[in-house]
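**Q** Have a look at this prediction, sequence included:
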Amino acid sequence: MSSGDREYDLVVFGATSFVGQILCEHLKARHGDADGSETGVRWAIAGRNADKLSTLASDLGLLVDHIVADATDIEALGELARSTRVIISTVGPYSLYGSELVEAAVIAGTDYCDLTGEPHWMQQMIDAHEVTATGTGARIIHACGFDSIPSDLGVWYTQQMATEILGEPCNQISMRVKALKGGASGGTIASMLSTVEQAQDDPEVRRALANPYAIAPRGMRSGVKQNNVSVPMRDDASKQWVGPFVMASVNTRIVHRSHALAGRPWGDDFLYDEAMITGSGPQGALRAGVTSAGLGGALAAFSVGPLRTLLADKVLPQPGEGPTPEQQEAGFYDLRFYGFTRSGTEIVTKVTGDRDPGYGSTAKMLGETAYALLKRDPADTPGGFWTPSTAFGTELIEQLEAFAGLDFSIIW
């Protein structure tokens, strides 16, 4: 079946999830209803519960089709994949509920994007399906939210600017979170807890999570030792105190996959790391210590089975819970990229975004990635497993700046 013969251009799987609902609001504002009256995009919503889909459509005033399919129903997922050109999935933890849908999309030659932050699962999907995806033409792009579009495209943008202005790319880039305001949802917490549990039970998962090159193509899963900010430190890049950034373990893997897919043009010794700026002087040092202790304490608590269960059941947000609309609207982020070339020159860029980073902004980034897939010529991005920067580059940056509240710019 050719893409032109399919009933839909886009299907949101997991439309009633916390992020899925925000995503549907963005898609309605961006593309209108099912007839594609705004941009010509014919879209539908999908999930396992027909009543919840109907309620969502009523609440948002969506005039779109509803598709009932469970994440484990292989036959229903196959029908869904064959009905559309692109699937957006918000159903996590993906290692528990995402594998069958990726397989269905690959077999059907259907493009797919998600917002996973689970490197071990991405590695499993790449190893299991990349050859088939190359043959069917399915283009699979993981991590299309705050994990990891700002990092991935931020590095790509920095390298483009360095090459254009300085005449050479950077062989080291450090991303620093200057400011961030946002909340956590139950779905994100569930993914984190699931990852910790799987790592305890499976040494292969532990190895994947520990390797910064884990999701690079086979044969490219090793390289120079990468910097890893895990304790408070005085930072050479920002000249301030920094502490660990909770999403660094995902974002760095995506950046190194992008570099590998491009043929490692920035050098086999390219270094990339992420951290949170906590300020200068004694107060900055204190905040860095608190940040490190808080993250370390959370990971330690998650590693204890009974305590992990207690926290999940009684303390932490449940799936479907998350920041209020007012909190989402008040959220933002400001990321700085400090790049250094082999000749000793420096470039600093920034990526900013409005809305709560993990939800309001993530939903917009995910929706724009799906639209970019619809527009992208297969001759430019053929079938296979891509990253946002290697699939789209400048095209997606321009789209995110125009429609998703992001901004990419040079500081110096």
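**A** Received the coordinates, thanks.

**Q** List the buried residues of the helix of greatest length in the chain.
**A** For the chain, the helix with the greatest residue count under DSSP state H is helix 281-302. Neighbour-count burial for helix 281-302, counted by 16 or more other CB atoms under 10 Å, picks out 284, 285, 287, 288, 291, 292, 295, 302. Every C-beta, even on glycine, is put in place using the N, C-alpha and C of the backbone.

**Q** what's the answer for stretch 108-115, then?
**A** The neighbour-count check on stretch 108-115 (16+ other CB under 10 Å) flags 108, 109, 110, 111, 112, 113, 114, 115 as buried.

**Q** Which two of the residues you listed have the greatest separation?
**A** Spatially, the most separated pair among the buried residues of stretch 108-115 is 109 and 115, at 22.3 Å (CB to CB).

**Q** before we move on, the earlier item: could you give the mean pLDDT of the longest helix of the chain?
**A** Helix 281-302 shows a mean pLDDT of 85.

**Q** Repeat that for stretch 372-390.
**A** In this model, stretch 372-390 has a mean pLDDT of 97.

**Q** ok, now stretch 63-75?
**A** Mean pLDDT, stretch 63-75: 96.

**Q** What is the nearest of the buried residues of helix 281-302 to residue 68?
**A** Nearest to residue 68 among the buried residues of helix 281-302, with distances taken as CB to CB, is residue 302, at 33.8 Å.

**Q** How much space separates residue 400 from residue 377?
**A** 19 Å (CB to CB, to the nearest Å).

**Q** more neighbours, the two?
**A** residue 400 (26 against 7; other CB atoms under 10 Å).

**Q** Can you report phi and psi for that one?
**A** phi -70, psi -40 (degrees, to the nearest 10).

**Q** what sits against the nearest residue to it once chain neighbours are set aside?
**A** Spatial nearest neighbour of residue 400, chain neighbours left out: residue 406 (4.2 Å); criterion: CB to CB, 6 or more residues apart in numbering. Listed by CB atoms under 8 Å, 6 or more residues apart in numbering, the contact set of residue 406 reads 150, 351, 352, 353, 361, 365, 397, 400.

**Q** Tell me what residue 406 is bridged to.
**A** As for beta bridges, residue 406 partners with residue 353 under DSSP bridges.

**Q** So the residue nearest the centre of the chain, which state does it fall into?
**A** Nearest to the centroid of the C-alpha atoms of the chain, with distances taken as CA atoms, centre = their mean, sits residue 143, at 2.5 Å. Secondary structure for residue 143, judged by DSSP: H, G, I helix; E, B strand; the rest coil, is coil.

**Q** likewise residue 85?
**A** strand.

**Q** Start the count at 3 instead of 1 going forward.
**A** Got it, the first residue is 3 from now on, which makes the last one we talked about residue 87.

**Q** where's it relative to residue 45, distance?
**A** Applying CB to CB to residue 87 and residue 45 gives a distance of 10 Å.

**Q** Looking at these two, which is more packed in?
**A** More neighbours surround residue 45 than the other of residue 87 and residue 45, with 29 against 22 (other CB under 10 Å).

**Q** Sort out which residues of stretch 20-34 are buried, please.
**A** 20-30, 32-34.

**Q** cool, stretch 340-348 as well?
**A** Under the neighbour-count criterion of 16+ other CB under 10 Å, stretch 340-348 has 340, 341, 342, 343 buried.

**Q** Tell me if I'm right that the last one and residue 161 touch.
**A** No: counting by CB atoms under 8 Å, residue 343 sits too far from residue 161 to count as a contact (10.1 Å).

**Q** Can you pull the residues that touch both of these two?
**A** Counting by CB under 8 Å, 6+ apart, the residues touching both residue 343 and residue 161 are 171, 172.

**Q** Now do the shared contacts for residue 87 and residue 45.
**A** Joint contacts of residue 87 and residue 45 (CB under 8 Å, 6+ apart) are 10, 11, 12.

**Q** Whichever of those end up buried, select them in PyMOL.
**A** The PyMOL selection below is limited to those of the shared contacts of residue 87 and residue 45 classed as buried (16+ other CB under 10 Å):
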select buried, resi 10+11+12
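
**Q** circling back to that earlier point, what's near enough to touch the residue nearest to the centre of the chain?
**A** 116, 117, 118, 119, 124, 151, 154, 252, 256, 389, 390.
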